[in-house]
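1. fold the following for me, if possible:
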Amino acid sequence: VTICPLGDIQWAGDRKDLTADRLEAHIKACLRLPHPLFIGMGDYIDFASPSNREALKSAKIYDTARKVIDDATRALVKECYDVFLKPTKGKWLGLTQGHHHYPLRTVQDSDSFLCDLLDAPFLEELGIVNIQWKDATHTQSINVMAFHGDSSSVFPHGPLIRLYRVSSQWDCDIVLMGHQTKKPTGPYDFIKPVFPTKGAPRLDHRT
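-> Have a look, this model is predicted:
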């Protein structure tokens, strides 16, 4: 199994706004890996930011204008799916919500609409996915946490500060954060209580 985090595409309808060729090459490379499973990290389209959503919510505009905005948002999501993500349909652990999305006039949000197109679960703001491997006698599993993240840092270790604060509170094997496109790593230990079916409980540790 290959876990493939993918997010921060921020599609606004123009290939010149992003490195589209590299994105397409990356998706093709992921699909060549053993049993790829994608997980969405948010910001798939570039509409709308939190301040834009608040401004549009309070704006005194006609229902017809809101319908036009709604239709344009759906079209933007559909373009992102058709142009980049269609080959990944059915290969998703789920999609988290980022900062750039828009509430549609139906019960759906633009991110949950993309989930429908991809046959993917909607993980909302933070999701924990359990992946299991089973044979005739036992089950082995891992927990994967994903969320979009926030803040910014000029330092390469910036994302680790946010990840360290979050990951030390959850029993997850892999923690994924989007928003900041840096790739630092840093191991840490924490105490893990173990309650076996036979024998006394004990304290162990995980790295």
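
2. assign a three-state SS to residue 94, would you?
-> Following DSSP: H, G, I helix; E, B strand; the rest coil, residue 94 is assigned to strand.

3. bridged to it, which residues?
-> residue 39 (DSSP bridges).

4. near it, how many other residues are there?
-> Residue 94: 20 surrounding residues under other Cβ atoms under 10 Å. Any C-beta I mention is one placed from the backbone N, CA and C, and that applies to glycine too.

5. these two touch, right, it and residue 118?
-> No. Using Cβ atoms under 8 Å, residue 94 makes no contact with residue 118, being 9.6 Å away.

6. and the helix or strand of the chain with the lowest mean pLDDT, which residues are buried?
-> Of all the helices and strands that make up the chain, helix 158-167 has the lowest average by mean pLDDT, DSSP states H and E, namely a mean of 81. Neighbour counts using 16 or more other Cβ atoms under 10 Å place 159, 160, 162, 163, 167 of helix 158-167 among the buried residues.

7. stretch 126-142 too?
-> Here stretch 126-142 shows 127, 129 as buried, counting by 16+ other Cβ under 10 Å.

8. what's the first-to-last distance across that stretch?
-> 17 Å (Cα to Cα, to the nearest Å).

9. stretch 134-152 too?
-> 40 Å.

10. and for residue 75, the neighbour number?
-> 11.

11. state the distance from it to residue 24.
-> 20 Å (Cβ to Cβ, to the nearest Å).

12. can you give me the helices in this protein?
-> Remark: helices assigned in the chain by DSSP state H are 20-31, 50-58, 63-80, 110-118, 158-167.

13. so where is this structure shaky, pLDDT-wise?
-> 107 (pLDDT under 70).

14. list the contacts for the spatially most central residue of it?
-> Nearest residue to the geometric centre of the chain (Cα atoms, centre = their mean): residue 41, 2.2 Å. Residues near residue 41 by Cβ atoms under 8 Å, 6 or more residues apart in numbering: 5, 6, 7, 8, 96, 98, 146, 148, 176, 177, 178, 179.

15. against residue 166, how distant is it?
-> 14 Å.

16. same deal with residue 197?
-> 31 Å.

17. for residue 190, same thing?
-> From residue 190 to residue 166 the distance is 13 Å (Cβ to Cβ).

18. and for residue 33?
-> Taken as Cβ to Cβ, the span from residue 33 to residue 166 is 27 Å.

19. what does stretch 166-175 contact?
-> By Cβ under 8 Å, 6+ apart, stretch 166-175 touches 3, 128, 142-147, 163, 177, 188, 190, 192.

20. can you lay out those residues as JSON lines showing distance to residue 15?
-> As requested, the contacts of stretch 166-175 are exported to JSON lines (distance: Cβ to Cβ, whole Å):
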{"residue": "3", "distance to residue 15": "27"}
{"residue": "128", "distance to residue 15": "34"}
{"residue": "142", "distance to residue 15": "36"}
{"residue": "143", "distance to residue 15": "36"}
{"residue": "144", "distance to residue 15": "31"}
{"residue": "145", "distance to residue 15": "32"}
{"residue": "146", "distance to residue 15": "27"}
{"residue": "147", "distance to residue 15": "28"}
{"residue": "163", "distance to residue 15": "31"}
{"residue": "177", "distance to residue 15": "27"}
{"residue": "188", "distance to residue 15": "40"}
{"residue": "190", "distance to residue 15": "44"}
{"residue": "192", "distance to residue 15": "47"}
